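Engineer: Model the structure of this input:
(2 chains)
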There are 2 protein chains.
Amino acid sequence: MATIQDVAKHAQVGVGTVSRVLSGKGYVKAETRQKIQASIEELNYMPNEMARNLFFQKSGIVAVIVPEVAHPFFAQFVNAAEMALCEKGYQTMICNTYYEQNYEQRYLEMLKRRRVDGIIFGAHTVLDISQYENIHLPIVALDRELGENIPRVSVDHQAGGRMAAEELIRSGCRNVLQFVGSKKETEVSTPANVRHDVFEETMKRHGIPCRSVSAKWPTADISYYQATAARLLEDYPDIDGIFATDLMSMAVLQAAMLHRKRVPEELKLITYDGTNSIGLTYPQITAVVQPIDRLANEAVQLVVDLIDGKAIENKKVELQAVLRPGDTTMGT
Amino acid sequence: MATIQDVAKHAQVGVGTVSRVLSGKGYVKAETRQKIQASIEELNYMPNEMARNLFFQKSGIVAVIVPEVAHPFFAQFVNAAEMALCEKGYQTMICNTYYEQNYEQRYLEMLKRRRVDGIIFGAHTVLDISQYENIHLPIVALDRELGENIPRVSVDHQAGGRMAAEELIRSGCRNVLQFVGSKKETEVSTPANVRHDVFEETMKRHGIPCRSVSAKWPTADISYYQATAARLLEDYPDIDGIFATDLMSMAVLQAAMLHRKRVPEELKLITYDGTNSIGLTYPQITAVVQPIDRLANEAVQLVVDLIDGKAIENKKVELQAVLRPGDTTMGT
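Structural biologist: Down below sits the predicted model:
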């Protein structure tokens, strides 16, 4: 491989002059510049990785777009994705969208311009999905429908929702409540919403009243969860079973304790996701655990395959969640 | 700004030919290539952000190096840093080192080659710090001493350690224990270690026995915390006050509950960091809360200033942690 010395010799100039041209700093006569550029090209000299990437039209970077890295689910997902990408020689760029359309839009523009090699999209898109189909970059969706041609990785939320419902039924619940996204949010096309439909259907089939309460999309804002959980126990004192995601479940457990509600005798609780710190509560919360690391590994494998130009045969990868029994239900 | 059409016109070729040169795909005569390259230069045409970055020797990317994004402290730090960097027009690359020398080394090499514009270093370095001093990139350290010339952002851990000790003393503790890093780890030069010295000294001054127990560096591995906390309560049944970081504190609280130890009557507990989910336990754990978002904002401001070539006057930014009273102590 050619060195900067080879270029200098070939262009019959000093190494310092070549260096000035490469760095864009300092004055070099236009004629000399052109001579050096011709030598660079003839010798196929690559001054650094960035130049090499420009040449090959590769950045070596995959962007992982999530709503908020501070949220435990996405923290674990990004962590595992970064590790898997690193093993495959890629670096990881992260982008928080905060559910804001303008953030998402801005990121897409930045990503297109900077030409990352691929995107793993785990945010709750608020843009029309045609925007994604028109990007012409390898994209893999986590838990999102971004159109026919974009492969998707998710857990089998249908089975997950059923698992949660059946555990509460086995525990003797007669009046349950689940947290779902807000109206606008549930219109977003994500297979994760399926779990709520299945949960409700399963309860209905067993003649158990099921209330669905709107909650914000995943956020790391703790005070929001605390306020919501406290209000909930006041508004619905007769509820005897709750299905929520991890941070809300922790807040519900805390509120129940503060209200001297006995768990699981008076109130059963089952959580969805099963991120790390949910394992450290007392009592331990029964959880439908998503295999977050495996979701990340599958997403990385798919996006790297797309970057490498491989045909993706199975466009939908669906993994299984598992029930981890805890002390907040009595079914298992 | 010149367009691809301008370049084609200037070089008296078709747009498709310019495009082939830019993409490096397809055959173009060497003579034509050189003509196009001369036109590109004369018109100062930038085909895309990557080319523009090459020209200005800027990537528009800042790397944030942490031990593990899945750890709540680093999840929040990375989240806030990404938001602040985004506001300033930078994208965020994340790198997990997992306390492994070869990961850290590999990342440094990759970063140097790819030429990120700057680095925020929050990992527990296991390399000789001279490696950082020789990088010649803008670097800002979070909670680390990376040498004279590298600015550092951290909280005042001396005040933080004293705060924790005094709260346990006010709560009536007579026999306390704190978790510190392992021997090898405490040799790493981080101002965070200071809190342990101050904690021990303060206890000594009050005639209170203080045991320091080694724990792994911050990790998101929950089962490690559970096993350690359970063993601890068995090994040291007489301890009446514990000082630990968030995940370990949650594990200690869980183990205490399982052992039917009354908190705070028989065991007081104070935690360090005060990350999001620690606020959702019951009882609520008294916490020395680090202003994680502000740490991130300060680090971003410093690294951007360095990138912009500004002189950094105050090389040590020290913020104050605050005591958030909870139910696991009785001092406030």
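Engineer: Stretch A:62-81 near chain B anywhere?
Structural biologist: Yes. For stretch A:62-81, a contact with chain B is found by C-beta under 8 Å from any C-beta of the partner chain, at A:Glu68, A:Val69, A:Ala70, A:Pro72, A:Ala75, A:Gln76, A:Val78, A:Asn79, A:Ala80. In this view, the C-beta of every residue, glycine as well, is placed from N, C-alpha and C.
Engineer: measure that stretch end to end?
Structural biologist: By C-alpha to C-alpha, to the nearest Å, the extent of stretch A:62-81 from end to end equals 10 Å.
Engineer: how distant is that stretch from the center of its chain?
Structural biologist: Computed by C-alpha atoms, centre = their mean, to the nearest Å, the chain-centroid distance of stretch A:62-81 equals 5 Å.
Engineer: hmm, back to that, of the residues of stretch A:62-81 next to chain B, closest to B:Lys216?
Structural biologist: Taking C-beta to C-beta as the measure, B:Lys216 lies nearest A:Asn79 of the residues of stretch A:62-81 next to chain B, at 16.5 Å.
Engineer: Let me know the pLDDT of the closest one.
Structural biologist: A:Asn79 carries a pLDDT value of 96.
Engineer: got it, and A:Gly122?
Structural biologist: The model's pLDDT for A:Gly122 equals 88.
Engineer: residues contacting it?
Structural biologist: Applying C-beta atoms under 8 Å, 6 or more residues apart in numbering or on different chains, we find A:Gly122 in contact with A:Val64, A:Ile65, A:Val66, A:Pro67, A:Phe74, A:Phe77, A:Ala141, A:Leu142, A:Asp143, A:Arg144, A:Ala299.
Engineer: please redo it, this time with the cut-off set to 6 Å
Structural biologist: Shown in contact with A:Gly122 (C-beta atoms under 6 Å, 6 or more residues apart in numbering or on different chains): A:Val66, A:Leu142.
Engineer: And for the one 5 residues further on?
Structural biologist: By C-beta under 6 Å, 6+ apart, the contact list for A:Leu127 reads A:Glu104.
Engineer: Just the element for it, please.
Structural biologist: Following DSSP states H and E, there is no helix or strand that holds A:Leu127.
Engineer: Let me know the closest of the residues of stretch A:62-81 next to chain B to A:Phe121.
Structural biologist: A:Val78 (12.6 Å).
Engineer: ranges for the strands of the stretch 151-300 of chain A?
Structural biologist: A:152-155, A:176-181, A:210-215, A:241-245, A:268-273, A:286-289 (DSSP state E, counting those that start in this stretch).
Engineer: as a whole number, average confidence for the third one?
Structural biologist: Mean per-residue pLDDT for strand A:210-215: 92.
Engineer: Equivalent analysis for the last one, please.
Structural biologist: Along strand A:286-289, the predicted confidence averages to a pLDDT of 98.
Engineer: gap between the residue most central in space within chain A and A:Thr97?
Structural biologist: Against the mean C-alpha coordinate of chain A, by C-alpha atoms, centre = their mean, the closest residue is A:Gly122 at 3.3 Å. Separation of A:Gly122 from A:Thr97 (C-beta to C-beta, to the nearest Å): 10 Å.
Engineer: could you point out which element follows the helix or strand bottoming out on mean pLDDT in chain A?
Structural biologist: Within chain A, no helix or strand scores below helix A:49-56, which has a mean of 52 by mean pLDDT, DSSP states H and E. Per DSSP H and E, helix A:49-56 leads on to strand A:61-66 as the next helix or strand towards the C-terminus.
Engineer: Where does pLDDT dip in the stretch 51-200 of chain A?
Structural biologist: Low-confidence segments of the stretch 51-200 of chain A (pLDDT under 70): A:51-57, A:99, A:101-102, A:113-114, A:126, A:182-189.
Engineer: residues in contact with stretch A:5-13?
Structural biologist: By C-beta under 6 Å, 6+ apart, the surrounding residues in contact with stretch A:5-13 are A:Val15, A:Val18, A:Lys35, A:Ile36, A:Ser39, A:Ile40, A:Leu43, A:Tyr45.
Engineer: Please apply the same query to stretch A:136-146.
Structural biologist: Contacts for stretch A:136-146 (C-beta under 6 Å, 6+ apart): A:118-122, A:129, A:132, A:150-154, A:189-190, A:192, A:299, A:302-303, A:306-307.
Engineer: who's in contact with A:Ile307?
Structural biologist: A:Ile307 neighbours (C-beta under 6 Å, 6+ apart): A:Asp117, A:Gly118, A:Pro138.
Engineer: you'd agree the second one is up against A:Val64?
Structural biologist: Pointing back at A:Gly118 there. No. With contact defined as C-beta atoms under 6 Å, A:Gly118 does not reach A:Val64; the gap is 9.8 Å.
Engineer: More neighbours: which of these two?
Structural biologist: A:Val64 (29 against 24; other C-beta atoms under 10 Å in any protein chain shown).
Engineer: Quickly list what the more buried one is bridged to.
Structural biologist: Beta bridges link A:Val64 to A:Ile94, A:Ile120, judged by DSSP bridges.
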